[in-house]
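Novice: just to be clear, the model below is a prediction. Sequence and coordinates:
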Amino acid sequence: MAKAKRRSVLKLAGGTAAVSLGGMAGILATGRTPAYAQQKTVHWLKWVDFVPATDQMFRKELMPQAEKELGIKVNLETVNGNDLQPRTTAAIQSGAGPDLIMAFNNQTYLYANSVVDLSELAEDVGKREGGLFKYARSICSDGKMFMGMPWAVIGGMIAYRKSWLDEVGASSFPDNWEAYRDVGTKLKAKGHPFGQTLGHTFGDAPGFTYPYLWSWGGKEVEADGKTVVINSKETVDSVKFMTGLWKDAMDEGGLAWDDTNNNRAFLSQTISATLNGASIYIETLRKPDQYQTEKGQPMSKDILHAPLPKGPAGQFGFHLLQSQMLMKYSKNQDAAKAFLKWLHTEDHYRKFFESQKGFATPCTAKWENDPLWNVDPVMTPYKVAARLGQAPGYAGPPNAKAAEGLSKYIVTDMYAKAVQGMPPEECVKWAEAELKKIYSE
């Protein structure tokens, strides 16, 4: 009985014993790979995409394909974009969480000490695809390491109802702030105001207020990245103009909107124009019977896109850059790197790019001339977003201090306080004091 039991135990444990004692010979003898290699899971945390077809494609097509080809399990978790930063902070503090986390803009600098350097992968993709755009490189790399792997830029353009602008005599979207206010005033009088958020939300609020500030000649700091200079005549002028613009042309209920509220307002035909990615237009294409004009025509036929207007100092854009961070606490770093490399091969990335229909602009030069941009002229303005974007913290570098200012919504709050009644000069002094707390540390 003792010998029989011993033989049974050895028979049951044969695979494990062979692997433990015999190395590769043991693996070949048992005919199967070690159990630990089959159990690696890469947990990827990203935003809920504003193009639903993309997340469906990931779950039904790309993730199963990656699992099969890489021999790993991929746990794809999606959350509201505003929840990504709190989740990242909590994971770092606890030392456990997703292996890969999507970052927005220069949040990468805030977590530089907690992420794995992805320079090798980033440089390889850049070399293969005509080079990384300066905007992506400045946000994802501090010159010493790539804190995040550049993924895509969500271009911010103004979506507008062409027929409603025609009704007030605007044959094209106004290209300067004075004309923008004039057209918006006429539209608001007809019940079709412009819509814009000044709330604490990751995309549309800073995507509007930063370029607006720059277009007047205002800036947070000098090029040295140390001297706070937001309290200038140019900034005060921009705040004064904003108070009138808000009252005359804007939906004043938009003050605290998040990045979904303006989409809903536009689609319900309560606003005539709003700064946005292309998700509004893509949604009207997806559901032509649901989204129609007051004349019963598909709304998609009445939507065009235009860049933000120019001001006394020029025309600017701040477009949401997304990257993937590989966390230092991850126990699956090799598998996560392999997965990122797999995602960025052309065939796999193309599935993502084409599912976006132009909502996301790739971070390398190769894709700017892709045939996709010729399919729908309404989407063409978005193709240059990655090339022309300007980073928060201008005229200084987009470093951790600039990222902290962005995360605290200081520039956005400066304008929000003004439209709620605080004197413009006081709003600017408040912003100056808040920025000095950051840049004097």
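Specialist: Done, it's in.
Novice: domain assignment for the chain?
Specialist: With domains defined by automatic domain parsing, the chain comprises 2-36, 40-152+322-374, 157-318+408-439.
Novice: which of those domains has the lowest mean pLDDT?
Specialist: Mean pLDDT is lowest for domain 2-36 among these, at a mean of 41.
Novice: that older thread, okay, the domains of the chain in a markdown table with distance to A386 and mean neighbour count next?
Specialist: In this view, the C-beta of every residue, glycine as well, is placed from N, C-alpha and C. Shown next, in a markdown table, are these (distance: least, Cβ to Cβ, whole Å; neighbours: other Cβ atoms under 10 Å):
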| stretch | distance to A386 | mean neighbour count |
| --- | --- | --- |
| domain 2-36 | 40 | 12 |
| domain 40-152+322-374 | 5 | 19 |
| domain 157-318+408-439 | 11 | 19 |
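Novice: just put those in a markdown table and tack on distance to N399.
Specialist: Converted to a markdown table, these look like this (distance: least, Cβ to Cβ, whole Å):
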| stretch | distance to N399 |
| --- | --- |
| domain 2-36 | 40 |
| domain 40-152+322-374 | 5 |
| domain 157-318+408-439 | 6 |
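Novice: between those domains, which one is nearest to R387?
Specialist: For R387, the closest of the domains of the chain is domain 40-152+322-374, at 5.3 Å, according to Cβ to Cβ.
Novice: distance between the ends of that closest one?
Specialist: 41 Å (Cα to Cα, to the nearest Å).
Novice: stretch 109-121 too?
Specialist: 18 Å.
Novice: and the strands in the protein, which stretches?
Specialist: Along the chain, the segments classed as strands by DSSP state E run 41-47, 73-79, 100-104, 149-154, 157-161, 194-195, 273-276, 303-306, 320-326, 360-361.
Novice: same list (those) but as TSV, adding distance to G218.
Specialist: Formatted as TSV, those follow (distance: least, Cβ to Cβ, whole Å):
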stretch	distance to G218
strand 41-47	29
strand 73-79	33
strand 100-104	23
strand 149-154	23
strand 157-161	21
strand 194-195	21
strand 273-276	18
strand 303-306	22
strand 320-326	21
strand 360-361	26
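Novice: closest to A391 out of those strands?
Specialist: strand 320-326 (8.1 Å).
Novice: strand partners (parallel or antiparallel) of the closest one?
Specialist: Its sheet considered, strand 320-326 pairs with strand 100-104 (antiparallel), strand 149-154 (antiparallel) by DSSP bridges.
Novice: okay if I get the ones you listed as CSV plus distance to Y439?
Specialist: Shown next, in CSV, are these (distance: least, Cβ to Cβ, whole Å):
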stretch, distance to Y439
strand 100-104, 21
strand 149-154, 26
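Novice: nearest to Y409, of these?
Specialist: Using Cβ to Cβ, the strands paired with strand 320-326 put strand 100-104 closest to Y409, at 13.0 Å.
Novice: quick one on the thing from earlier: can you tell which of the strands paired with strand 320-326 is closest to S232?
Specialist: Of these, the one closest to S232 (Cβ to Cβ) turns out to be strand 100-104, at 27.6 Å.
Novice: what's around the closest residue to A385 other than its chain neighbours, how many residues?
Specialist: Leaving aside its sequence neighbours, A385 sits nearest to G155 (Cβ to Cβ, 6 or more residues apart in numbering; 3.1 Å). Residues within reach of G155, counting by other Cβ atoms under 10 Å, total 27.
Novice: quick one: residues contacting G155.
Specialist: Neighbouring residues of G155 by Cβ atoms under 8 Å, 6 or more residues apart in numbering: G277, A278, G317, H319, F359, T361, P381, Y382, V384, A385, A386.
Novice: pipe the residues you listed into JSON lines and attach distance to Y291 per row.
Specialist: Putting the contacts of G155 into JSON lines (distance: Cβ to Cβ, whole Å) gives the following:
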{"residue": "G277", "distance to Y291": "17"}
{"residue": "A278", "distance to Y291": "14"}
{"residue": "G317", "distance to Y291": "26"}
{"residue": "H319", "distance to Y291": "25"}
{"residue": "F359", "distance to Y291": "17"}
{"residue": "T361", "distance to Y291": "24"}
{"residue": "P381", "distance to Y291": "21"}
{"residue": "Y382", "distance to Y291": "20"}
{"residue": "V384", "distance to Y291": "27"}
{"residue": "A385", "distance to Y291": "24"}
{"residue": "A386", "distance to Y291": "28"}
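Novice: among the strands paired with strand 320-326, which is nearest K366?
Specialist: Short answer: strand 149-154, nearest of these by Cβ to Cβ, at 12.9 Å.
Novice: residue contacts, C427?
Specialist: V239, M414, Y415, K417, A418.
Novice: hmm, try it at 7 Å
Specialist: Going by Cβ atoms under 7 Å, 6 or more residues apart in numbering, C427 touches V239, M414, K417, A418.
Novice: same check, this time on E294
Specialist: Q269.
Novice: please report phi then psi for it.
Specialist: phi -60, psi -10 (degrees, to the nearest 10).
Novice: so how far is Q324 from it?
Specialist: Per Cβ to Cβ, to the nearest Å, E294 is found 43 Å from Q324.
Novice: on that earlier part again, and T243, which of the strands of the chain is closest to it?
Specialist: strand 194-195 (14.9 Å).
Novice: how about residues contacting that closest one?
Specialist: 184, 187, 249-251, 254, 262, 265-266, 271-274.
Novice: mind picking the two most distant members of the contacts of G155?
Specialist: G317 and F359 (15.6 Å).
Novice: please list all residues in contact with the closest residue to L406 other than its chain neighbours.
Specialist: Sequence neighbours aside, P392 is the residue nearest to L406 in space, at 4.5 Å (criterion: Cβ to Cβ, 6+ apart). Going by Cβ under 7 Å, 6+ apart, P392 touches N105, N106, P206, Y210, F318, P398, A402, G405, L406.
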